[in-house]
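**Student:** pasting the structure only:
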């Protein structure tokens with residue numbers, strides 16, 4: 001009888017627990033978890049729907065970083081010369097939010113991506129759309145994030161970004177947010193006919209040069 005009651009309570013509690021585990025809304029401020037090291041010319045990759053005012057710890061003082069915004073909700077926090085061998089980012093309450101290992105020697109930064117095509121798909125009935133970037137070669141070792149920017153004359157306007165998988169030949173660079181997903185509200189999908197460039201952010205917090213600009217094509221709409 002007692003065992004049956006326990007099983008019944010688990011069965012009732014499971015859906016509620018699953019609902020609590022569903023993370024949605026604005027992307028919380030965070031250091032990019034797949035980055036473990038920082039090169040001298042790179043920095044700490046920070047993501048969030050809004051970018052935080054975090055500082056680097058240098059023994060008994062805090063130092064403001066030089067921040068390079070790469071895309072909506074994505075930035076590189078460049079550390080100044082620090083006495084510590086590693087780098088630590090603190091929040092305004094001096095809580096350590098990100099710790100990374102500093103490396104003195106690193107491979108050269110990645111070259112510009114070789115992009116084969118960019119396709120936008122829209123499913124009006126399902127109210128879902130997405131954009132795919134297809135590469136000529138496999139995504140290289142060290143690549144962590146792909147960023148797309150729209151070219152408007154002499155301006156380069158960052159639109160969206162996504163984590164990539166080394167060895168893959170494509171990445172879904174943007175999609176309509178799912179029900180259980182944190183997202184960056186200021187990301188913008190690429191539109192058919194727009195000229196788009198792609199660049200890499202590597203695992204040492206360095207940014208590559210941009211790819212050759214390609215026009216976004218409209219993919220076949222799923223039935």
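**Tutor:** Noted; the coordinates are in hand. Values in this document were obtained by computation on a predicted structure and should not be read as measured data.
**Student:** looking at the protein, which helix or strand is least sure?
**Tutor:** helix 2-20 (a mean of 38; mean pLDDT, DSSP states H and E).
**Student:** same for whichever helix or strand comes after that helix, what does it pack against?
**Tutor:** Per DSSP states H and E, helix 2-20 leads on to strand 25-26 as the next helix or strand towards the C-terminus. If you count contacts as 3 or more CB pairs under 8 Å, 6 or more residues apart in numbering; DSSP states H and E, strand 25-26 packs onto strand 182-183. Every C-beta, even on glycine, is put in place using the N, C-alpha and C of the backbone.
**Student:** touching the strand it packs on from outside, list them.
**Tutor:** Strand 182-183 has contacts (CB atoms under 8 Å, 6 or more residues apart in numbering) with 23-28, 49, 177.
**Student:** recalculate using a threshold of 10 Å.
**Tutor:** 23-28, 30, 47-49, 73, 175-177 (CB atoms under 10 Å, 6 or more residues apart in numbering).
**Student:** tell me the two of those that are most distant?
**Tutor:** 30 and 176 (22.2 Å; CB to CB).
**Student:** how about the contacts made by the residue nearest to residue 59 when sequence neighbours are not counted?
**Tutor:** Nearest residue to residue 59 in three dimensions, chain neighbours excluded: residue 83, at 5.3 Å (CB to CB, 6 or more residues apart in numbering). Residue 83 sits next to 58-61 when contact means CB under 10 Å, 6+ apart.
**Student:** for residue 83, grab phi and psi.
**Tutor:** The phi and psi values for residue 83, taken as degrees, to the nearest 10, are phi -80, psi -30.
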